[in-house]
Each structure stands twice: as C-alpha cells, then as structure tokens.
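Engineer: pasting the sequence and the predicted model now:
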Amino acid sequence: MKLAMLNCLKSNTVCTGATCLRAFLQREKSFADYTEESVELVAFMRCNGCGKPVEKDAGMLEKMDRLKSIGVDVVHLGVCTKNNGVECDTITRIAQCLSQRGIKVVRGTH
C-alpha cells in the first residue's frame, strides 16, 4: 500500500513533521491500522495555502494528479494547530478532490 501525508501550509510555522513521521514509523495513532500491512510512505506535502479555490489551483491539481499517477492508495490529513484543531475549508476541498480521484482520505496523522 502506498501512503501520503498532507498538512496545512500554516502548520509550517510550528511543524517539522517529526511527530507525523514517528507515528507512521511506529504505526501509532492514525497509522495503527497498518501494523499488519506493508506500507510505503511516498509523499509528505503541504497544501498551497488558503484563499485559492482548490479546483482552480493548477499546482494543487498537479500534486493530486501526481499522487494518483504514482499509485497512492490513501492520504492522511494533518490538521493545523493554529486553527484550534478544526479542519480548514481548503483541506476539506482537497479531501473531496482526492476522494473523487479514488484516493482514500484519513483524517489524522498523530
């Protein structure tokens, strides 16, 4: 199984990705369901920021198409800590677009 992680661009100010990667490597938190599977982390990415309609963001569309072309099965979404743990509209729309491409979306990385 191929897996990717997507986090909010705003999280860059405080996030190194270390906790997400540790949870993945140790199959903890939202990755606990993969203890019996062979899973390959093939992408760790950020959104392109707020304000742009995802459906018109050529760069984000290209990223999602790339995930599909490399065979990503599931994308785990991280929530920006600066948004009080609430998923932003941009991440929600990206999740919808990923689902439309046949990629499973899981909310949570750690």
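Structural biologist: Nice, thanks for sending it over.
Engineer: contacts for stretch 22-30?
Structural biologist: Outside stretch 22-30, the residues within contact range by Cβ atoms under 8 Å, 6 or more residues apart in numbering are 3, 5, 31, 34-35, 39, 41, 76, 106-110. In this view, the C-beta of every residue, glycine as well, is placed from N, C-alpha and C.
Engineer: contacts only, for the spatially closest residue to Gly71 that is not a sequence neighbour.
Structural biologist: Nearest non-adjacent residue to Gly71, counting by Cβ to Cβ, 6 or more residues apart in numbering: Lys2, 5.1 Å away. Lys2 makes contact with Val39, Glu40, Val42, Ile70, Gly71, Val72, Asp73, Val74, according to Cβ under 8 Å, 6+ apart.
Engineer: can you flag the buried ones in these?
Structural biologist: Neighbour counting by 16 or more other Cβ atoms under 10 Å classes Val39, Val72, Val74 among these as buried.
Engineer: give me the mean pLDDT for the host helix or strand of Ala4.
Structural biologist: Element membership for Ala4, per DSSP states H and E: strand 2-7. Strand 2-7 shows a mean pLDDT of 96.
Engineer: in what helix or strand does the closest residue to Phe31 other than its chain neighbours lie?
Structural biologist: The shortest distance from Phe31 to any non-neighbouring residue, by Cβ to Cβ, 6+ apart, is to Phe24 (5.0 Å). If you go by DSSP H and E, Phe24 is part of helix 18-25.
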